[in-house]
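Asker: Need the 3D shape of this:
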Amino acid sequence: MASKEKDPKDPVEDKDALDALEAESKEFDKDAEIDRILKAFRLDAYAVLDLNPGVPESDIKATYRKKSLLIHPDKTKNPQAPEAFDRLKKAQTELMDEKHRERLDEAIADARMLLIRENKWTVDSPELKTEEFAQQWRVKTREVLIDNEMRRKRQAKAQMQEEGREQRRADQEVEDRKRKRQHEQDWESTRDQRIDSWRQFQKSKSGDDKKKKKKLKPIG
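Answerer: Below you'll find the model as predicted:
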């Protein structure tokens, strides 16, 4: 009995092939996004999330949700997915923190003003609308953020050192008070012994005086 040949135009095989291509395409997208996140400047949360500064919170939430679902470690075999996912989550948390986002926005604005001053431009200069300026702005932003981070670490170190000195002073004061209390306790615990010794001394002295009086010869 002759075997049935497969129809080259079999829709089932075509669907399987398309599904395989789609799955491969999705994995490629996941790998590309993971690679992008890991290469993004981690001090710039906007860069990690691939967002422009000043976007509303709704965009931050929507972008994070979309990207986190794409690269979630449970949905890809990429070994770098956990690290990329952690960085994405950290960036989202920083941007949702009002104070942190304010500091980041200030650093980005400072970088822009520094470029304008260095090149003696004005805020209306046409150069500010070019792609070259946008690239220079990103580079300058990195420099400002790195400088701010180094300054923050120096301040934190100095604060820790000062707190260490304060702690040592506090420990010393506690130790001094402890020694003082112990001295007072020791002094009080030997009170009766000191009194007895004093009485014995006084008694002994009184006996000596009496002996001396007996030895005195009468005058004349």
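
Asker: And the residue most central in space within the chain, how far from Pro126?
Answerer: Centroid-nearest residue in the chain: Lys153, 9.7 Å away (criterion: Cα atoms, centre = their mean). Distance of Lys153 to Pro126, computed by Cβ to Cβ, to the nearest Å: 39 Å. Heads up, the C-betas are built off the backbone N, CA and C, glycines and all.

Asker: secondary structure class for Arg151?
Answerer: Secondary structure state of Arg151, per DSSP: H, G, I helix; E, B strand; the rest coil, is helix.

Asker: Going along the chain, name the strands of this protein.
Answerer: Read by DSSP state E, the chain holds no strands at all.

Asker: what sits against the residue nearest to Leu38 when sequence neighbours are not counted?
Answerer: Distances taken as Cβ to Cβ, 6 or more residues apart in numbering put Ala84 closest to Leu38, at 5.5 Å, once the chain neighbours are dropped. Going by Cβ atoms under 8 Å, 6 or more residues apart in numbering, Ala84 touches Glu33, Ile34, Ile37, Leu38, Ile71.

Asker: how about the helices in this structure?
Answerer: In the chain, the helices defined using DSSP state H lie at 11-39, 45-49, 57-71, 81-96, 98-118, 131-189, 191-215.

Asker: So which bits of the fourth one are buried?
Answerer: So that's helix 81-96. In terms of neighbour count (16 or more other Cβ atoms under 10 Å), helix 81-96 has its buried residues at Ala81, Ala84, Phe85, Arg87, Leu88, Ala91, Gln92, Glu94, Leu95.

Asker: Tell me how far Thr130 lies from Leu115.
Answerer: Thr130 is 12 Å from Leu115, by Cβ to Cβ.

Asker: ok, now Leu69?
Answerer: Taking Cβ to Cβ as the criterion, Leu69 is separated from Leu115 by 37 Å.

Asker: Please say which of those two ends up with more neighbours.
Answerer: Neighbour count, other Cβ atoms under 10 Å: between Leu69 and Leu115, Leu115 has more, with 18 against 9.
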